[in-house]
Structures are given as structure tokens and as C-alpha cells.
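Asker: got a sequence here, can you build the structure:
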Amino acid sequence: MPSTFNPSEMFEGVSKAEIIDRIQQLVPPGSPEPQNPQILATLQTLTAQLIAAYQADGQLESEPFSDVRDRTINLYSLACSNKIKGKTILITGGEGCVGSFLIEKLLSLGATNIISADKARCQNPAETIPHFNKEGAVTFYAADIRNFQALKHIFEVEKPQIVFHLAAQRQPGLAEIQIRETVTTSLLGCKHVIQLSEEYGVEDCIFSSTGKTSRYFTTEVYAASKKFAEWQFAKAAQEGSVTYGMVRFTHMLENSLFCEQMSKKVQQSKTVNVHAPHRYVTAQNLIEAVHLLLNSLVVSVPGKLKIVAVSNLGWPTETLEVALYKILESGKNLPIYFQGLLPGYEEPFFLGQFDWSKPTDIHLLINVLEDPFRIVDEAGDMVIVELAPFSLCVLEKQVSKLERLIVNPDFPEVEIKQALAAAEREVVASSFAWSSAAELLKILQWGINPKKLQGYGTEIANYSEIIELLLQGMYGRLNQEVLNSAGVSADEFDELVESLSAMDSIQAEVGYLRSVSRCIRQSVIPAQSVQKKSEPVPVRDAA
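Answerer: A predicted model of the protein is given here:
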């Protein structure tokens, strides 16, 4: 591999950005893990210098996640104890990290009959009568939630009154490989839990989701499948008799894949691989997660899906800083390299996710369309929101279509991913049809701000799908009043149109925007004369 670097050179006085650039030149992202001794020696030198540069900026003095580890959320202990007293509680995914801790907390609050359904010990996922063993107040069933008959057996025998649905794929990268398993777990698993909760008279059902679902649209399997799970629970909350609640988690420290992988590499004195520089994560701890789940029992109401999350997530943490701290803490002289982004982690961040008119009020797990529903609990620790409205009919149609495909073992996994994105696109379009044109215009303007995109090292073309959906949602609805409501001047609107004009896939929509601009300049209502590729169908039902 060609290199312009001298292994003995110390690169005195260079910036963090220059050191990172040199590491990436030496081992370009996407390359195999370096093995050449000379390259490794240079990487060791560069890594040591990068650590020194971080220290010079006042970083690496303490563990990057130390503030997160010490956080907690007020638990409404008395209300939760009263809620679970004398009840049979079922936890899907009960042997996972969060599930295990939830069981401990429930026992400390006085729960006397807890049921766990987890595939961890499941030797035959097709068995309709799952094996179980009882340990004190907890009964552990070996069952896959995709197996309806096995799950029904548990409901029939145990008659749960409270359900915590935690079972799911937890690794975004693995979700891109095990596509069928991930999608069937989210779609069929949620369908089974909802159906049986209704059939057996469950009082409360709480679902654990992810902050990645706050994206308006995503092609990543993990996030897209979770979005469908959220929509299904929102539909059930509106139509069913069970009270449903939901929690959005972010990166769980005690269950952190990248922290675990970095620690293992450091312990083994190996080269530490980092996805990419300038990658940041928000995080929370297990205590916060379990308190959110339990508090959701208290704040949930019939007929609506209330979503809870940590109110103050603090500043995002750079994954590179975590790697450097682990190396520094070990006292070892270890090299790092940037392996490049992996499937499941590649999607660029869309700036229109947040309301930039209120930058100090941004919540990283809530998007602009969900934000109007936001409230903070009395303790100030927990934020409560609702999903943006969408068409229940469109959701039902798309879920049915997906089910027919994913249960067919001959249907290719890669096509499942494509079908999932296509179905998601339809539900998102129905949601945008319900949203105000002014809100969509603001989202679009924030999302394609050229200066900000340049700062993030990305470009408009990377967001073509969400841009198309936003434009379709605004089609036929723009006028001077909408621009005024959005706070967009005629000149700003023209700049927006010009920014979009280079995208070949939206030329019909750009034509419409140009006609709107001309009509606004002429102070007349725009005529609907530009033919558009596809218009959203007006919807009258929504969750």
C-alpha cells in the first residue's frame, strides 16, 4: 500500500484533523485490517499523537460516558407498585440485557409472578408447546415470538395482565444480514403480541423501540422494521381495548456493541478499528431504560400511544474519543484505523429532522412532526410524545402485503429489504399528506441547507428519497400564505428550488415549484397545470 509517511516522523504541531487525514491516507476506509509492521508502527505513532491532541483540547480526562453512567430517571415507585401488585407480568426478550434488569426491578417492587418468553434457550423454534423452567417468582419459557402457537400457549397458561414487549433484533449491522429474521420479528412478532394481548384481556402492553425511528424515512432494515412496529402499536392503541405504551431507547451503555468490541481489541493488544471519525452517539444506562419502561405503565392512556424517552440525553459522544480513551486508560501503545461505515450505519443524517429555529430545544429522538405533541413529566426527567398522524388503511394494506412476502421462504432476503422500504414509503407519504405544507416546507429548507450540508460533508443527492416524499406531500398545497407561515421569503424559496434543480429524479416536482415561484412573484394563486409523477391520496383516517 503506497504511503508518503515516514514511520519515525512525529508530526509535531499538527491538528487532530490532519492526523485523522493521515491515518485515512495510510489505511483508506474500506481496507482490510492492516498487517504490515511498518504501517502499524506509523499508526501507533499517529494514534499517540492523536491522543495528545485530544488531551491538549481538554479531552480524555475522564471516561467519555461518565456523565451518562451516573444519570437516573425518577421512578414513580408507588404508582408502579400499585400497577403491578398481584399481576402476572409477561416479558418478551426477558433474558436480554434490558429484560433481565427489568425482571430484577419488578421483583424489588413486589412483583410475584413474572413470565419470560425468550428464544435464547429455544432449541426448536417450531415447537408449539415451549419448554420452561421456574426460578422462584420467575418462569422462563424458551419461545420465539414469531411462533404464534408457542406464544399463544404461554398466554393461555399464564394469563398475563401486563406485557413488556422487548424481543427484537438489537444489532443494526446484523439486521442487514439477517433481513428475514429481523423483519419477521418486528412485523409478525408485534402482530402476535398485539393479537394475543387483545384476545386474553391484557390491561397494559409496553413496547420498546429505538430513537432511530424518529427518522422520517429510512432504508436501513433495523430502523425501518422498528418504524412498522411503532405504527402497528399506534394502530392497536386507537382500535383495541388494551392500553399501549412505548419507550424509545438510544444507545445502551451496558449493552454497547462498539464499546464491547473496542474493549476486547484493547485487552488483546490488537489494532482498534473505528467506523469513521466524527461519528457521535447519544447514550443512556440500564437504570434509565427500566425506569422508562415502568413509568410508561403510569403515563399511558387508553386510545393513544404515548411514547416516552429520556428528557435530557446530554451531548452526543464521539466514538473515536471512546476508542482513544480506552487505549490511553490501558497504558498500551496501540494503533487505530478507520474501517469505514458498515451496512446498517451508513445512512447520512438528514438535517430536517430537527427544528433549527429552536436549536436549544432539539431532542435527538424526536422529529419535527412529533415535536408538537411533546411534554415533559413533572420530575423533568422524561419526555412524552406521540407519533405524527398516518393513514391506518395504508398501514394495514402495506403490512398485509409485507406479510405475504416475508412468510414465503423462497422470497429473496434482499428483495424483502426493498419491499420493506417501498411499504414504508407509502405509510410515510400518508403521514406527510396529513402534515401541514408549511411544516414540510420548513423541514425541506432545513434539510437541504447548502452551508450546513457542506459542513457535514454530505450533499443533497444523498437524501433523494426523503426529498421526493416531502415534495410529494407539498404538491398542490403551496402558496404565499404557506411560505409566510413557514417563514420562507420568495428569494429563499427560489434558492431552495435552485438547490433541488440538479436532481434528475424530481424534475416534475421542481417544475411545480418553479410555477409556484412565478405565481408568488406575480401575486396570484398558482394554477395546478404541472403534471406530477405521483400524488398522495388524501386520507381521512389516521392514528
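
Asker: who's in contact with P316?
Answerer: 280-282, 364 (Cβ atoms under 8 Å, 6 or more residues apart in numbering). The C-beta positions use only the backbone N, C-alpha and C, and glycine is treated the same way.

Asker: filter those to the buried ones?
Answerer: Among those, those scoring as buried are 281-282, 364 (criterion: 16 or more other Cβ atoms under 10 Å).

Asker: quick one: the helices in the stretch 101-250 of the chain?
Answerer: Taking DSSP state H, counting those that start in this stretch as the test, the helices found in the stretch 101-250 of the chain are 148-158, 172-175, 179-199, 221-239.

Asker: can you tell which of those is closest to L50?
Answerer: helix 172-175 (25.2 Å; Cβ to Cβ).

Asker: how far off centre is the closest one?
Answerer: Taking the mean of its C-alpha atoms, helix 172-175 sits 12 Å from the chain's own mean (Cα atoms, centre = their mean, to the nearest Å).

Asker: thinking again about what came up before, got JSON lines for the contacts of P316, with distance to E415 too?
Answerer: JSON lines is the format used below for the contacts of P316 (distance: Cβ to Cβ, whole Å):
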{"residue": "Y280", "distance to E415": "33"}
{"residue": "V281", "distance to E415": "31"}
{"residue": "T282", "distance to E415": "33"}
{"residue": "L364", "distance to E415": "32"}
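
Asker: what is the nearest of those residues to L395?
Answerer: L364 (25.6 Å).

Asker: contact partners for the residue lying closest to that closest one once chain neighbours are set aside?
Answerer: Among residues not flanking L364 along the chain, T282 sits closest, at 5.3 Å (Cβ to Cβ, 6 or more residues apart in numbering). By Cβ under 8 Å, 6+ apart, the contact set of T282 is 211, 250-251, 313-314, 316-317, 364-365.

Asker: any idea how far T282 lies from E63?
Answerer: 16 Å (Cβ to Cβ, to the nearest Å).

Asker: and the residue nearest to L364, how far is that from C97?
Answerer: From T282 over to C97 (counting by Cβ to Cβ), the distance is 18 Å.

Asker: coming back round to it: pLDDT-wise, what's the bottom of the contacts of T282?
Answerer: Across the contacts of T282, the smallest pLDDT goes to G314, namely 87.

Asker: what about that residue, neighbour count?
Answerer: Per other Cβ atoms under 10 Å, the neighbour tally for G314 reads 14.

Asker: how about the CA coordinates for the least confident helix or strand in the chain by mean pLDDT, as CSV?
Answerer: Here the helix or strand of the chain ranked lowest by mean pLDDT, DSSP states H and E is helix 450-455, holding a mean of 82. The C-alpha coordinates for helix 450-455 follow below in CSV (Å, rounded to 0.1, in the frame of the first residue of the first chain):
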residue,chain,number,x,y,z
PRO,A,450,-26.1,24.0,1.4
LYS,A,451,-23.8,25.5,4.0
LYS,A,452,-24.8,23.0,6.7
LEU,A,453,-24.6,20.1,4.3
GLN,A,454,-21.1,21.2,3.3
GLY,A,455,-20.1,21.3,7.0
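
Asker: buried ones in that helix?
Answerer: So helix 450-455, judged by 16+ other Cβ under 10 Å, has buried residues L453.

Asker: residues in contact with the very next helix or strand once past that helix?
Answerer: Using DSSP states H and E, the helix or strand that directly follows helix 450-455 along the chain is helix 464-474. Residues from elsewhere that reach helix 464-474, judged by Cβ under 8 Å, 6+ apart: 216-217, 219, 350, 352, 425, 428-429, 432-433, 435, 437, 440-441, 443-444, 447-448, 460, 500, 503, 505-506, 509, 512-513, 532, 534-536.

Asker: now the buried members of these.
Answerer: Looking at these with 16+ other Cβ under 10 Å, the buried ones turn out to be 216-217, 219, 350, 352, 425, 428-429, 432-433, 435, 437, 440-441, 443-444, 447-448, 460, 500, 503, 506, 509, 512-513, 536.

Asker: ok, now how distant is the residue nearest the centre of the chain from F249?
Answerer: Centroid-nearest residue in the chain: K212, 1.1 Å away (criterion: Cα atoms, centre = their mean). Per Cβ to Cβ, K212 is found 10 Å from F249.

Asker: cool, V310 as well?
Answerer: 9 Å.

Asker: tell me how many other residues surround T360.
Answerer: T360, neighbours per other Cβ under 10 Å, totals 4.

Asker: one step back: quick one, which of the helices of the stretch 101-250 of the chain is nearest to S116?
Answerer: The nearest among the helices of the stretch 101-250 of the chain, by Cβ to Cβ, is helix 148-158 at 9.6 Å.

Asker: return the closest one as PDB; C-alpha atoms alone will do.
Answerer: Output of helix 148-158 as PDB, limited to C-alpha atoms (Å, rounded to 0.1, in the frame of the first residue of the first chain):
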ATOM      1  CA  PHE A 148     -47.800 -17.800  17.200                       C
ATOM      2  CA  GLN A 149     -48.900 -21.100  18.700                       C
ATOM      3  CA  ALA A 150     -46.000 -21.200  21.100                       C
ATOM      4  CA  LEU A 151     -46.700 -17.600  22.300                       C
ATOM      5  CA  LYS A 152     -50.500 -18.400  22.400                       C
ATOM      6  CA  HIS A 153     -49.700 -21.400  24.700                       C
ATOM      7  CA  ILE A 154     -47.900 -19.000  27.100                       C
ATOM      8  CA  PHE A 155     -50.800 -16.600  27.100                       C
ATOM      9  CA  GLU A 156     -53.300 -19.500  27.600                       C
ATOM     10  CA  VAL A 157     -51.400 -21.000  30.500                       C
ATOM     11  CA  GLU A 158     -50.200 -17.800  32.300                       C
END
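
Asker: how about that helix, which residues are buried there?
Answerer: Those would be 148, 150-155, 158, for helix 148-158 by 16+ other Cβ under 10 Å.

Asker: same check on stretch 348-362?
Answerer: Quick answer for stretch 348-362 (16+ other Cβ under 10 Å): 350-356.

Asker: and these as JSON lines, adding pLDDT?
Answerer: Below are the buried residues of stretch 348-362 laid out as JSON lines (pLDDT from 0 to 100):
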{"residue": "F350", "pLDDT": "93"}
{"residue": "L351", "pLDDT": "92"}
{"residue": "G352", "pLDDT": "95"}
{"residue": "Q353", "pLDDT": "94"}
{"residue": "F354", "pLDDT": "93"}
{"residue": "D355", "pLDDT": "92"}
{"residue": "W356", "pLDDT": "90"}
